[in-house]
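J.: following is a predicted model, sequence given first.
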Amino acid sequence: MIILKNATVLTMERPAFVGDVAIDGEKIVQVGENLSFQDAEIIDMTGKYVMPGIIDAHSHIGMFEDGMGFEGSDGNEITSPTTPELRAIDAINPFDRCFKEAVAGGVTTAVTGPGSANVIGGTFVALKLHGKSVEDMILKYPVAMKAAFGENPKRCYGKSGKTPMTRMAIAGTLRTALSAAVEYDKKLRLTNDDDKLPERDLKKEALLPVIRREMPLKIHAHRADDILTAIRIAKEFDIMFTLDHCTEGYMIKDILKDTIAETGCGVIVGPLLSDRSKIELRNLTFEAPRKLYEAGIEFAMMTDHPVIPQQYLPVCAAIAVREGLPEEVALKCITINAAKIAGIDDRVGSLEPGKDADIAIFSGHPLDVRSRCQMTLVSGKIVHSEL
């Protein structure tokens, strides 16, 4: 057993306090003041900040390897606009040095998967960022099915004279794939005779958890009109979904709030610390988090690694605070809110007894960019230490 002693503890569930976190094996067993257990190893954290391991709700870590070109780029299969059968876990390289850099920055979990070249790209995985094999690192798989609206699918296929060339075709392509999965599901449910089952179709099979409301569609959408189209189709098929990037979400915040209340969809904002590299980012602003918060919308923030390196997620949160987002809300956006949206908050996202001992310890406040992450634990194991 380990006790992290005398730290400023940021649990994400109650106000900050000076106290202790007790860890037994892979789990947190107690959080409080003046904790004492026989034979426990005491690590003095006086003056330091202890918080849950940081979580990125939308990343591509391990899919686009650092410092490489084509050889390490495995996040977009730009040969067909619908590839739901593809799985992130088949392309992630856990030996990419970005994993170590992320953990050294206090990031312990990322929801990572295919990019946005395709209308449907494949399945994402919630991954702990320490380990030598994907199997050992998986927190939850599958966690979502990727879909994309807007400029990326248009650019990747339209420039070659292939569909989708327009936003109409993107919507039509998604509807066609979801409709085919619905019909495939009907045939499976209505057939008791194995000899009469439809021929196995991996594309349609991969979409079954989506149309059965067992897994959300993780929708890349920047522009307000794309966000609205995504909502329209999600309601049409009665599927769970998240709105990722949501760059212009603050422009339709009332509609967004009503949609969340009606459907329970999640909102993941970012990357914000980047240039306006394409037209659909023209309204990108660090004021968006504050505006969403003021509208009563709960959301997470993301890096879209490698767009922003994974370890700089708290920097993004800190800049949002500078632009008016409350400090405690910003911390939740990179911990418990991200965990809730990904459906992994039973394991990670806050410092609570029974949860995984994924913990980041900073020299100062985590949203002070001068602070260093001096220790990181993943499942109770110290995987980074400067102490």
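T.: Ah, there it is. Residues are numbered from 1 along each chain as shown.
J.: show me what the lengthiest helix in the chain is packed against.
T.: The longest helix of the chain (DSSP state H) is helix 167-190. Contacts defined by 3 or more Cβ pairs under 8 Å, 6 or more residues apart in numbering; DSSP states H and E place helix 167-190 against strand 120-128, helix 151-158, helix 202-211, helix 224-237. Backbone N, C-alpha and C define where each C-beta goes, glycine included.
J.: phi and psi next, for residue 19.
T.: Main-chain torsions, residue 19, degrees, to the nearest 10: phi -170, psi -150.
J.: and it, bridged to which residues?
T.: residue 7 (DSSP bridges).
J.: who touches it in this structure?
T.: Applying Cβ atoms under 8 Å, 6 or more residues apart in numbering, one finds that residue 19 lies in contact with 6, 7, 9, 31, 32, 33, 34, 35.
J.: likewise residue 212?
T.: Residue 212 touches residue 185, counting by Cβ under 8 Å, 6+ apart.
J.: separation between it and residue 186?
T.: 12 Å (Cβ to Cβ, to the nearest Å).
J.: ditto for residue 306
T.: 41 Å.
J.: neighbour count winner among the two?
T.: The neighbour comparison of residue 306 against residue 186 (other Cβ atoms under 10 Å) goes to residue 306, with 18 against 11.
J.: the more buried one contacts residue 101, doesn't it?
T.: No: Residue 306 lies out of contact with residue 101 (Cβ atoms under 8 Å); the separation is 11.0 Å.
J.: now do stretch 102-111: distance to the chain's middle.
T.: 12 Å (Cα atoms, centre = their mean, to the nearest Å).
J.: which PyMOL command selects the buried ones in the contacts of residue 19?
T.: This is the PyMOL syntax for the buried subset of the contacts of residue 19, where burial follows 16 or more other Cβ atoms under 10 Å:
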select buried, resi 6+7+9+31+35
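J.: turn the contacts of residue 19 into JSON lines, columns for secondary structure and pLDDT.
T.: What follows is those, written out as JSON lines (DSSP: H, G, I helix; E, B strand; the rest coil; pLDDT from 0 to 100):
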{"residue": "6", "secondary structure": "strand", "pLDDT": "97"}
{"residue": "7", "secondary structure": "strand", "pLDDT": "98"}
{"residue": "9", "secondary structure": "strand", "pLDDT": "98"}
{"residue": "31", "secondary structure": "strand", "pLDDT": "98"}
{"residue": "32", "secondary structure": "strand", "pLDDT": "97"}
{"residue": "33", "secondary structure": "coil", "pLDDT": "96"}
{"residue": "34", "secondary structure": "coil", "pLDDT": "94"}
{"residue": "35", "secondary structure": "coil", "pLDDT": "95"}
